[in-house]
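Enquirer: Quick check, what structure comes out for this input:
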Amino acid sequence: MRQRSRGRVTLAAVAAMCAVAALPGPARADGGTPAYAFDPGAEAVAGAVVNTDAKALNAGSVYRSSIKAGEKLYYRLNLDATTNAYVSAVAVPKSGGKVAYGDGITVSVRDSSDLRCSSEDARFESAQYPRPIAAYAYRVVKKDSSTCQGPGTYNVLVERESKATSGPEDWELELRYATEPELADDAAMPTEAPEDWPSASPAPPTPAGDNRRQGGSGYYDATSLETGEWKDGITPGQTRFYRVPVDWGQQIFATAGLGNSPASDKFVGGALAMSLDNPAQGHVDDASPLAYSGKPASVSLDPVPPVAYRNRFDSSSSVSAMRFAGWYYLSVTLSPEVAEAYGDGPFPLTLSVKVEGRAEGSPYAGDAGIFAVTDKDKDLARSGRSGPQAAESESDTMKLVGAAGIGVGAVLVLALGVWTLVARRRATAAAADGGGQSPYGGPPQAW
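Expert: Sure, this is the predicted structure:
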């Protein structure tokens, strides 16, 4: 009996140790929200002043660079004759710095003869305060075009314009290079832009209790949202990032609002700026900056068309940018000037989002990558998790499963050892007491 008790105690101890090992570790301490959350996997790359010295970018990768006032920097693409390539640049001025009306960046893709394939700029206009701004450019294959169609070396040119009254600091850059999947049936796709679409803003979503979603600090950690009215807080000078899954055939509508403040009634022009960007971080549209005087105020994006492949043929950049499905990004910035009259906050921020329309099928062949809305994306939008939070949750689950597997294996091995030891001792005791008969058909064999 004593031997059996020892065996049980040993097994219980090992099981307890395995259970402790399987528990998740303590939560990491919050080190504070950075001004902009760069992708931690971004590779450092220096832009070249001379195009022949430019570093090549790889599809599906994220890069981190910087640009001086008035500088023009080159990066290289090696393209075939069939792939549509998109390169975006997010310019991040120094927090607390100074920008002027018209400051900004221009991104263009050019062939080896310096013919421009496409370009887009991002500018500071009436909301003249530092915040991340994004623009993209691309090389797309067109049957009826002779420009930028062949394989070979292409240049990505990023140009910064800053007034003499602007801050002299370097702007950091986050570059992304994505390629578009091949079409399932190229011949069946329309080649003209849509003529009209529903442009009436739908009724705002019904508030559903205390729906709080804390926005992220960059595209990398943008908080996922679905249709609804969401509450957050924002401090002067801060930019909040959110993302919404918008599928083929669907439209997105968004309104941002500030709650009232009893601290003052001073007028602040351009107090709140809101922007919409597509899955390739190409700029879609922005709302007219909101003026604030201590009373509740809101601003809305102009209606954009439903997501459709044919939108790319429209001359309007806000229509053309609605060319693929995926995560659409909303960013909201509160002017640092608000702090002078109303304090440091945080201020109550409300974001009303509505996705209208029935989802349609993808025009692409096979996996569409970032240009699709998956069931997982919809789950993230419902839960409000960001991409990094979802990845961390999956990692923790795998670690838990792995630890549990190791623990179970250790228990089984130890149980077998204890059983062998007990059986041998019983056999010895039986032999000493009466004739050498061993229990359970004889002593265990050596391993």
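Enquirer: buried sites along stretch 154-173?
Expert: Neighbour counts over stretch 154-173 (16 or more other Cβ atoms under 10 Å) mark 154-162, 166-167, 169-173 as buried. C-beta here means a position set from N, CA and C on the backbone, and glycine is covered the same way.
Enquirer: Please enumerate the strands of the stretch 101-250 of the chain.
Expert: Under the criterion DSSP state E, counting those that start in this stretch, strands of the stretch 101-250 of the chain are mapped to 104-110, 116-123, 133-139, 152-161, 171-180, 223-224, 228-234, 239-246.
Enquirer: Residue 365: which of these is closest?
Expert: strand 171-180 (11.4 Å; Cβ to Cβ).
Enquirer: mind putting the strands of the stretch 101-250 of the chain in JSON lines, distance to residue 77 and mean pLDDT included?
Expert: Formatted as JSON lines, the strands of the stretch 101-250 of the chain follow (distance: least, Cβ to Cβ, whole Å; pLDDT from 0 to 100):
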{"stretch": "strand 104-110", "distance to residue 77": "7", "mean pLDDT": "98"}
{"stretch": "strand 116-123", "distance to residue 77": "10", "mean pLDDT": "96"}
{"stretch": "strand 133-139", "distance to residue 77": "7", "mean pLDDT": "97"}
{"stretch": "strand 152-161", "distance to residue 77": "4", "mean pLDDT": "98"}
{"stretch": "strand 171-180", "distance to residue 77": "7", "mean pLDDT": "97"}
{"stretch": "strand 223-224", "distance to residue 77": "30", "mean pLDDT": "97"}
{"stretch": "strand 228-234", "distance to residue 77": "37", "mean pLDDT": "96"}
{"stretch": "strand 239-246", "distance to residue 77": "26", "mean pLDDT": "98"}
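Enquirer: Adding distance to residue 39, write the ones you listed out as CSV.
Expert: Shown next, in CSV, are the strands of the stretch 101-250 of the chain (distance: least, Cβ to Cβ, whole Å):
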stretch, distance to residue 39
strand 104-110, 18
strand 116-123, 19
strand 133-139, 13
strand 152-161, 17
strand 171-180, 7
strand 223-224, 16
strand 228-234, 22
strand 239-246, 12
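Enquirer: Those strands: which one's closest to residue 292?
Expert: strand 228-234 (12.0 Å).
Enquirer: angle of that closest one against strand 239-246?
Expert: 160 degrees (axes from the mean of the first three to the mean of the last three Cα atoms, to 10 degrees).
Enquirer: contacts for strand 228-234?
Expert: Among residues not part of strand 228-234, those counted as contacts by Cβ atoms under 8 Å, 6 or more residues apart in numbering are 204-208, 210-215, 240, 242, 332, 334, 345-353.
Enquirer: Tell me which helix or strand in this protein has the weakest average pLDDT.
Expert: helix 2-22 (a mean of 37; mean pLDDT, DSSP states H and E).
Enquirer: Next, count neighbours for residue 248.
Expert: A count of nearby residues for residue 248, using other Cβ atoms under 10 Å, gives 23.
Enquirer: Quick check, it in contact with residue 363.
Expert: Yes - using Cβ atoms under 8 Å, residue 248 is in contact with residue 363, at 7.5 Å.
Enquirer: between the two, what contacts are shared?
Expert: Shared contacts of residue 248 and residue 363, counting by Cβ under 8 Å, 6+ apart, come down to residue 309.
Enquirer: what is the rounded mean pLDDT of the helix or strand just after the least confident helix or strand of the chain?
Expert: Sequence order places strand 43-44 as the next helix or strand after helix 2-22, per DSSP states H and E. Mean pLDDT, strand 43-44: 97.
Enquirer: tell me the two of the buried residues of stretch 154-173 that are most distant?
Expert: 154 and 167 (32.1 Å).
Enquirer: Name the spans of the stretch 151-300 of the chain whose pLDDT lies under the cut-off.
Expert: Applying pLDDT under 70 to the stretch 151-300 of the chain flags the ranges 187, 207-209.
Enquirer: can you pull out the helices in it?
Expert: Taking DSSP state H, counting those that start in this stretch to define them, one finds no helices in the stretch 151-300 of the chain.
Enquirer: Need the nearest residue in space to the most centrally placed residue in the chain, chain neighbours excluded.
Expert: Computing the C-alpha centroid of the chain and ranking residues by Cα atoms, centre = their mean puts residue 220 first, at 3.7 Å. Distances taken as Cβ to Cβ, 6 or more residues apart in numbering put residue 39 closest to residue 220, at 4.3 Å, once the chain neighbours are dropped.
Enquirer: got it, and residue 175?
Expert: That would be residue 63: by Cβ to Cβ, 6+ apart, it lies 4.2 Å from residue 175.
Enquirer: isn't the one you found right up against residue 41?
Expert: No - when contacts are counted by Cβ under 8 Å, residue 63 is not listed as touching residue 41 (10.1 Å).
Enquirer: check contacts around the nearest residue to residue 166 once chain neighbours are set aside.
Expert: The shortest distance from residue 166 to any non-neighbouring residue, by Cβ to Cβ, 6+ apart, is to residue 100 (4.8 Å). Counting by Cβ under 8 Å, 6+ apart, residue 100 makes contact with 124, 128, 162, 163, 165, 166.
Enquirer: And for residue 150, the neighbour number?
Expert: With other Cβ under 10 Å as criterion, residue 150 counts 13.
Enquirer: What distance do you get for it to residue 103?
Expert: 36 Å (Cβ to Cβ, to the nearest Å).
Enquirer: what's the answer for residue 230, then?
Expert: 31 Å.
Enquirer: more crowded one of these two?
Expert: residue 103 (25 against 22).
Enquirer: Look up phi and psi at that one.
Expert: In terms of degrees, to the nearest 10, the main-chain angles of residue 103 are phi -60, psi 150.
Enquirer: What residues does it make contact with?
Expert: Contacts of residue 103 (Cβ under 8 Å, 6+ apart): 123, 124, 161, 162, 163, 166.
Enquirer: let's see 10 Å
Expert: 69, 91, 93, 122-125, 128, 130, 133, 160-163, 165-167, 171 (Cβ atoms under 10 Å, 6 or more residues apart in numbering).
Enquirer: Would you confirm that residue 332 contacts residue 274?
Expert: Yes - at 5.1 Å, residue 332 counts as touching residue 274 under the criterion of Cβ atoms under 10 Å.
Enquirer: what's the overlap in contacts for these two?
Expert: Common neighbours of residue 332 and residue 274 (Cβ under 10 Å, 6+ apart) are 240, 254, 256, 287, 290, 299, 351.
Enquirer: burial count for the first one?
Expert: Here the count is done by other Cβ under 10 Å, and residue 240 has 25 residues near it.
Enquirer: who's it bridged to?
Expert: Judged by DSSP bridges, the bridge partners of residue 240 are residue 332.
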